[in-house]
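S.K.: Sequence plus predicted model, see below.
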Amino acid sequence: MEFKFPNTVRTLFAGLILSSAIGLGSTAAQAEELTVYSALAKEHFAELIAAFQTKEPDIKVNQLLDSNGPVIARILAEKENPRADIILGASVPGLVMLEQKSMLMPYAPSGLSEIKDRFYDHKGDVPKWVGTDAWASAVCFNKVEGANHGAEEPKSWKDLIKSEYKGAIVMPNPNSSATGLLAIVGWMKILGEDAAWKYMDALHENIAQYVHSGSKPCRMAAAGEAMVGIAYPAPGVKAINDGAPLSIVIPEEGVGSEVEGVAILAGARHPDAAKKLADFASSQEGNEIHNKYYALVARKGVSSTVPNYPAGEEAALVSMDFYWVAENRDRILAEWQKRYGSKDEPK
């Protein structure tokens, strides 16, 4: 899918883009404004906002898009003077961290009763975050590159530490990407923390590079720039449907799962507009859009068959404690960077 952003674009922060998305039928003198920080994929975000603005054409949407880590870091840095009204598509551990710092406003989007229980905050009477979609770790394997190097398709996480994959694997840096953090905490849940560090020590020997995007490892595998990409299914599915010689593996030991969600920032300057977007992101139409990019979405009864999506993802999900992840995130990331940061992709 190709989406061309509107021409009204201006720089908000170095390295981050803030653009103004103007909906159909809006006028120069708009009644409302909304600033959205998002970690959704560009295409997903663009389609969602375009649909939202057909319903709310008088809301001017300012948007900042980046990976999960930088988005959460920006919000934390702006704690005393929030610039964002709403965060969309952030990982739940990141949202939990903001929640624990009293940085989220309680809000129950309309239709909350249609949202599955695992997809929203149950800590209080009114949730502070509501999930939109869920996804799991997966392995993208380039079958042509595998054949060229005499490597078989992996079936498990433990397969990836075999010598045949040396220098052939890319994965996201968890300091930049929620996808990378998801993989790590999934291994900790499956193996136990001490065994997971030993596994990552062995895996590091086969890693070519740690990149700063959750989808990039699968895109690199699809382009033949790597044999194996540790990521999540969606970018691999898109690549297969575009003709790439990939297979997507759900490792047999199980996979960590992640939920992305929406939350309104405490101190939002435009809370009414933020509530409208939270309502839309949780609506039937919003979830049908999420379902184009993720097989698992928050709203009950929304499900569609995605061509070439791997079977068995939901059955392979291991139970994740997002509050434990939030509490231990900084410690885990610091240790990870100390051990493995030497193979980081240059920023």
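M.R.: On my side now, so go ahead.
S.K.: Regarding residue 305, what is its secondary structure?
M.R.: Here residue 305 is recorded as coil under DSSP: H, G, I helix; E, B strand; the rest coil.
S.K.: just the one 5 residues further on next, same as before
M.R.: Here residue 310 is recorded as coil under three-state DSSP.
S.K.: What pLDDT is listed against it?
M.R.: Looking at residue 310, its pLDDT is 92.
S.K.: Look up the closest residue to it, ignoring the ones flanking it.
M.R.: Residue nearest to residue 310 in three dimensions, not counting chain neighbours: residue 248, with 4.5 Å by Cβ to Cβ, 6 or more residues apart in numbering. Just so you know, the C-beta spots here come from the backbone N, C-alpha and C atoms, and that holds for glycine as well.
S.K.: and the one you found, what does it touch?
M.R.: 138-141, 233, 236-237, 240, 308-310 (Cβ atoms under 8 Å, 6 or more residues apart in numbering).
S.K.: Now, of the residues you listed, which are buried?
M.R.: Buried subset of the contacts of residue 248 (neighbour count, 16 or more other Cβ atoms under 10 Å): 138-141, 233, 236-237, 240, 309-310.
S.K.: Determine which two of these are furthest apart.
M.R.: Using Cβ to Cβ, those span at most 15.5 Å, a distance reached by 141 and 309.
S.K.: if we can go back for a sec, could you tell me which of the buried ones among the contacts of residue 248 are located in strands?
M.R.: Mapping the buried ones among the contacts of residue 248 onto strands (DSSP state E) picks out 138-141.
S.K.: Just the strands from the stretch 51-200 of the chain, written as ranges.
M.R.: With DSSP state E, counting those that start in this stretch as the criterion, the stretch 51-200 of the chain has strands at 59-65, 86-91, 104-105, 130-136, 138-142, 169-172.
S.K.: will you turn these into TSV that also has distance to residue 148 and mean pLDDT?
M.R.: As requested, the strands of the stretch 51-200 of the chain are exported to TSV (distance: least, Cβ to Cβ, whole Å; pLDDT from 0 to 100):
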stretch	distance to residue 148	mean pLDDT
strand 59-65	36	97
strand 86-91	35	95
strand 104-105	49	97
strand 130-136	28	92
strand 138-142	9	98
strand 169-172	15	98
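S.K.: which stretch among the ones you listed comes nearest residue 261?
M.R.: Comparing those against residue 261 with Cβ to Cβ, the closest turns out to be strand 130-136 (4.3 Å).
S.K.: what helices or strands is that closest one leaning on?
M.R.: helix 233-241, strand 257-265, helix 271-281, helix 284-290, strand 296-297 (3 or more Cβ pairs under 8 Å, 6 or more residues apart in numbering; DSSP states H and E).
S.K.: Show me what the third one packs onto, helices and strands only.
M.R.: Secondary structure elements in contact with helix 271-281, counted by 3+ Cβ pairs under 8 Å, 6+ apart, are strand 32-38, helix 42-55, strand 86-91, strand 130-136, strand 257-265.
S.K.: got those as TSV, with distance to residue 162 and mean neighbour count columns?
M.R.: Shown next, in TSV, are the helices and strands packed on helix 271-281 (distance: least, Cβ to Cβ, whole Å; neighbours: other Cβ atoms under 10 Å):
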stretch	distance to residue 162	mean neighbour count
strand 32-38	38	22
helix 42-55	34	19
strand 86-91	30	26
strand 130-136	22	26
strand 257-265	26	26
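S.K.: any chance of those in JSON lines, with distance to residue 300 too?
M.R.: Converted to JSON lines, the helices and strands packed on helix 271-281 look like this (distance: least, Cβ to Cβ, whole Å):
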{"stretch": "strand 32-38", "distance to residue 300": "24"}
{"stretch": "helix 42-55", "distance to residue 300": "19"}
{"stretch": "strand 86-91", "distance to residue 300": "20"}
{"stretch": "strand 130-136", "distance to residue 300": "12"}
{"stretch": "strand 257-265", "distance to residue 300": "15"}
